[in-house]
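1. Coordinates for the following, if possible.
(chains A and B)
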Amino acid sequence: AQSVTQLGSHVSVSEGALVLLRCNYSSSVPPYLFWYVQYPNQGLQLLLKYTSAATLVKGINGFEAEFKKSETSFHLTKPSAHMSDAAEYFCAVSVGNRKLIWGLGTSLAVNP
Amino acid sequence: DAGVTQSPTHLIKTRGQQVTLRCSPKSGHDTVSWYQQALGQGPQFIFQYYEEEERQRGNFPDRFSGHQFPNYSSELNVNALLLGDSALYLCASSSVANSYEQYFGPGTRLTVT
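-> The predicted model follows:
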């Protein structure tokens, strides 16, 4: 069965610092993987997706993620954090091309 | 190009009542999925509709039901509301060819008192 584990429910970085949000997955078949961002009292916005093409995926707002099959990881990074990046981030894996299985989320705080 | 829309934005109901939430998918999408997101949690899959039929269902009781209309819009109905049903209900749309790539609406915040 597919599952997603996000390491660290809360991450705090300084403005301008590297952002690293960790996601590990479990899947019996080649997965499709996603990162979504959720701002307070809003829905989920797709940041980027991996669908078995390039292993380094670039998304919106300067974020990128690298699919590492050997480590079953899909960590999200951004070289320089901005105050507007403060939000909840969710990693998800697709199951049977239909529903998404979600991690519990990581809350990112950006300090001035 | 309109994205996914949901109504209402907020809703307050009392225990035992029934509620209907509505969703209009993104233009060009024919598949609608519903998720429940409790406070501080990730979304939980409720069900997915395609061609006006429930295509897949998560681990939710029969009190949760849905419908999809010929124009692809969808409703989520919850009967006999419990306090634990208080959550953000998210609708996501996709095309059947790429139903893993889901676009979300802003959600409906349901509070059960």
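
2. Low-confidence ranges, chain A, go.
-> A:95-98 (pLDDT under 70).

3. Which residue would you name as the spatial centre of it?
-> residue A:35 (3.6 Å; CA atoms, centre = their mean).

4. Would you confirm that it contacts residue A:76?
-> Yes - the pair residue A:35 and residue A:76 passes the contact test of CB atoms under 8 Å, sitting 5.0 Å apart. From N, CA and C alone the C-beta is placed, and that goes for glycine too.

5. can you list residues touching both of the two?
-> A:21, A:23, A:47, A:48, A:63, A:65, A:89, A:91 (CB atoms under 8 Å, 6 or more residues apart in numbering or on different chains).

6. Provide the secondary structure category for the residue nearest to the centre of chain A.
-> Look at residue A:35: counting by DSSP: H, G, I helix; E, B strand; the rest coil, its state is strand.

7. Chain neighbours aside, what residue packs nearest to it?
-> residue A:47 (4.3 Å; CB to CB, 6 or more residues apart in numbering or on different chains).

8. As a check, name the ranges of all strands in the chain.
-> You didn't say which chain, so I picked chain A. Using DSSP state E, the strands of chain A run over A:3-7, A:10-14, A:19-26, A:33-38, A:44-50, A:56-58, A:64-68, A:73-78, A:87-95, A:99-102, A:106-111.

9. my question was about chain B
-> B:5-7, B:10-13, B:19-24, B:31-37, B:44-50, B:53-57, B:64-68, B:74-78, B:87-94, B:103-104, B:108-112.

10. tell me which strands and helices the shortest one is in contact with?
-> It refers to strand B:103-104. Applying 3 or more CB pairs under 8 Å, 6 or more residues apart in numbering or on different chains; DSSP states H and E, we find strand B:103-104 packed against strand A:44-50, strand B:87-94.

11. and if we set it to 7 Å?
-> strand B:87-94 (3 or more CB pairs under 7 Å, 6 or more residues apart in numbering or on different chains; DSSP states H and E).

12. what lines up beside the strand it packs on in the sheet?
-> Strand pairing for strand B:87-94, using DSSP bridges, gives strand B:31-37 (antiparallel), strand B:103-104 (antiparallel), strand B:108-112 (antiparallel).

13. quick one: contacts for residue 82?
-> Here I'm looking at chain A. Residue A:82 is in contact with A:15, A:110, counting by CB atoms under 7 Å, 6 or more residues apart in numbering or on different chains.

14. meant chain B, my bad for not saying
-> Contacts of residue B:82 (CB under 7 Å, 6+ apart): B:15, B:112.

15. Any stretches of chain B with poor pLDDT?
-> In chain B (pLDDT under 70), the answer is B:1.

16. Next to chain A, which bits of it? Give me the list.
-> When proximity is defined as CB under 7 Å from any CB of the partner chain, chain B approaches chain A at B:33, B:41-43, B:45, B:48, B:55-56, B:58, B:90, B:99-107.

17. on that earlier part again, mind putting the strands of chain B in TSV, mean neighbour count included?
-> Below are the strands of chain B laid out as TSV (neighbours: other CB atoms under 10 Å in any protein chain shown):
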stretch	mean neighbour count
strand B:5-7	16
strand B:10-13	14
strand B:19-24	20
strand B:31-37	25
strand B:44-50	21
strand B:53-57	14
strand B:64-68	18
strand B:74-78	21
strand B:87-94	25
strand B:103-104	20
strand B:108-112	18
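
18. Excluding chain neighbours, give the residue nearest to residue B:25 in space.
-> Residue nearest to residue B:25 in three dimensions, not counting chain neighbours: residue B:93, with 3.2 Å by CB to CB, 6+ apart.
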